[in-house]
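> Any chance you could fold what I've pasted below:
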Amino acid sequence: MRSTELPKKPQTRLSQRAHWGARQPISFLMEQAVQNPAVISLAAGLVDQATLPDAEVRAACAKLLADESLARQALQYGTTRGAERLRRQLIGYLAKLEQRPADELGISADDLILTTGSQQLLSLVGEVLIDPGDIVLVAAPTYFAFLGTLNGLGARTVPVTADGDGMCADALEAKLGELSRAGELVRVKLIYVVSYYENPTGISLSAERRRSIVDIARRWSRDQRIYVLDDAAYRELRYDGPELPSVWSFDSERDTVILAQTFSKSFSPGLRVGFGVAPAELRGALRDRKGNEDFGSANFNQHLLASVFEQGLYAAHVQMLRETYRAKRDAMLAAAERYFSELPGVHWVHPHGGLYVWMTLPPAIATGFDSVLFQCATEVEQVMYVPGEVCYAGPAAQRPVNKLRLSFGTQSPAGIEEGMRRLARAVSAIGQFASESIR
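Have a look, this model is predicted:
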């Protein structure tokens, strides 16, 4: 008798890395923003639409396309390293940031790699360095999108205590000692820092700690090199406070620090242009990995940015951004003082730059996606924030649950004011409920 059963539908077997990289917070936050357009978002780490350089890009694009030879070059495939024309410009740009002559940088244009934003460089570094089970040391808290990247590689992310001056050098030293005694130093590949106006806290790594972290990485490089990945995405968004030397500047041998920078925050995220400087031992591997992925990032965008630099359009735009975001930062801090100062147990960081304010609530008030506060804020008060717990590495049970990240990037000062007022109302309501429950 012939069977009447239907053939079994074959299953899709995803890779282990697909499972490691699933359910990232950034995807949930983007989904929430799209599905709830009426909500005031103090979560989105985006730039202000009104500050985007449309006039500068029109001028640069017109000049680029007016030169037939250059236009065709820009519209052709590029190289894995990226457009030489832009790399030459970036040597001078980096020299200005480092406040030294270009010939004292210790690198040439051939040593730079252009990427699709700095996020691609972070991913490439992980791809060429990290095997499943390898260890990356990160500040507690740190940039949660890179934590997702590391999770997708099967890395062990180990948190290191941080304070108002960034990652604590003593705590880093102690953690490396602990890993060494456990026989795990051989698995340590990378120390990751967001050195300027950190996402999420807005804190900058102090100059002394920058020097110390490079020294620590070098001293503990025993079984293999331990690299420092310096994510300087917010470097140019400084509004006040000290002007700090880069972590990379303390690597005089150019063998320890990987510098990652981007023009997404300082010019246009839509162009997706970033660049990196890596020690010589890593450059070939990074180019090979990038070549396997895309043969090189968007060539036209790189030529367009080169035209922006050649026409002197970049510096004035950055200055405008600083003035705009300084006013937004001040609006958020003023609103925090106005609406949160009377709430017991609430305090926040005063950032000198970047796009974020880090807030701490009383221990009894959880801020996570599943918390009563998040539900009250998003559904009742129509305001959104990033729960702080997603910015911590390590076991979920050991992460603080009463932190939140607030962004002043996309909202107007009026929107910031109203968003902070709504958020304070939600915190006050949940705080009162928590107090009554304790009694």
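> could you dump stretch 146-156 to CSV, C-alpha only?
Extracted in CSV, the C-alpha atoms of stretch 146-156 (Å, rounded to 0.1, in the frame of the first residue of the first chain):
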residue,chain,number,x,y,z
PHE,A,146,29.8,46.0,19.4
LEU,A,147,28.8,43.6,22.2
GLY,A,148,26.3,42.2,19.7
THR,A,149,29.1,41.9,17.1
LEU,A,150,31.3,40.0,19.6
ASN,A,151,28.4,37.7,20.7
GLY,A,152,28.0,36.9,17.0
LEU,A,153,31.6,35.7,16.9
GLY,A,154,31.3,33.5,20.0
ALA,A,155,33.6,35.8,22.0
ARG,A,156,33.7,35.9,25.8
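> average pLDDT across it?
For stretch 146-156, the mean per-residue pLDDT is 96.
> quick one: Val136 is in a strand?
Yes - secondary structure of Val136 (DSSP: H, G, I helix; E, B strand; the rest coil): part of a strand.
> Return the residues in contact with the residue nearest to Arg425 when sequence neighbours are not counted.
Leaving aside its sequence neighbours, Arg425 sits nearest to Glu381 (C-beta to C-beta, 6 or more residues apart in numbering; 5.8 Å). Quick note: C-beta positions are derived from backbone N, CA and C, even for glycine. Contacts for Glu381 (C-beta atoms under 8 Å, 6 or more residues apart in numbering) come out as Arg422, Leu423, Arg425, Ala426.
> most neighbours, which of these?
Using other C-beta atoms under 10 Å as the neighbour test, these are led by Leu423, with 26 neighbours.
> In helices, which of the contacts of Glu381 fall?
Counting by DSSP state H, the part of those found in helices is Arg422, Leu423, Arg425, Ala426.
> Show the contacting residues for the first one.
Arg422 sits next to Ile40, Ala377, Glu381, Gln382, Val383 when contact means C-beta under 8 Å, 6+ apart.
> pLDDT score for it?
98.
> swap in the third one?
Per-residue confidence for Arg425 comes out at a pLDDT of 97.
> on that earlier part again, looking at the residue nearest to Arg425 now. What's its pLDDT?
Looking at Glu381, the pLDDT reads 96.
> Of the ones in helices among the contacts of Glu381, which is the nearest to Arg181?
Leu423 (44.2 Å; C-beta to C-beta).
> how about the closest residue in space to the closest one that isn't next to it in sequence, phi and psi?
Of all residues not flanking Leu423 in the chain, Val383 sits nearest, at 5.0 Å (C-beta to C-beta, 6+ apart). Dihedral pair for Val383: phi -140, psi 150, per degrees, to the nearest 10.
> So, low pLDDT: which residues of the stretch 1-150 of the chain?
The stretch 1-150 of the chain contains residues with pLDDT under 70 at 1-7, 16-36.
> The stretch 151-300 of the chain: strands as residue ranges?
Using DSSP state E, counting those that start in this stretch, the strands assigned to the stretch 151-300 of the chain run over residues 156-163, 166-167, 188-194, 227-231, 257-262, 274-277.
> wait, which of the ones you listed is closest to Gly241?
Set against Gly241 and scored by C-beta to C-beta, the strands of the stretch 151-300 of the chain come closest in strand 166-167, at 13.2 Å.
> Which elements pack onto the closest one?
Other elements packing on strand 166-167 under the criterion 3 or more C-beta pairs under 8 Å, 6 or more residues apart in numbering; DSSP states H and E are helix 207-219.
> which helices and strands sit right next to the helix it packs on?
Judged by 3+ C-beta pairs under 8 Å, 6+ apart, helix 207-219 is in contact with strand 166-167, helix 169-181, strand 188-194, strand 227-231.
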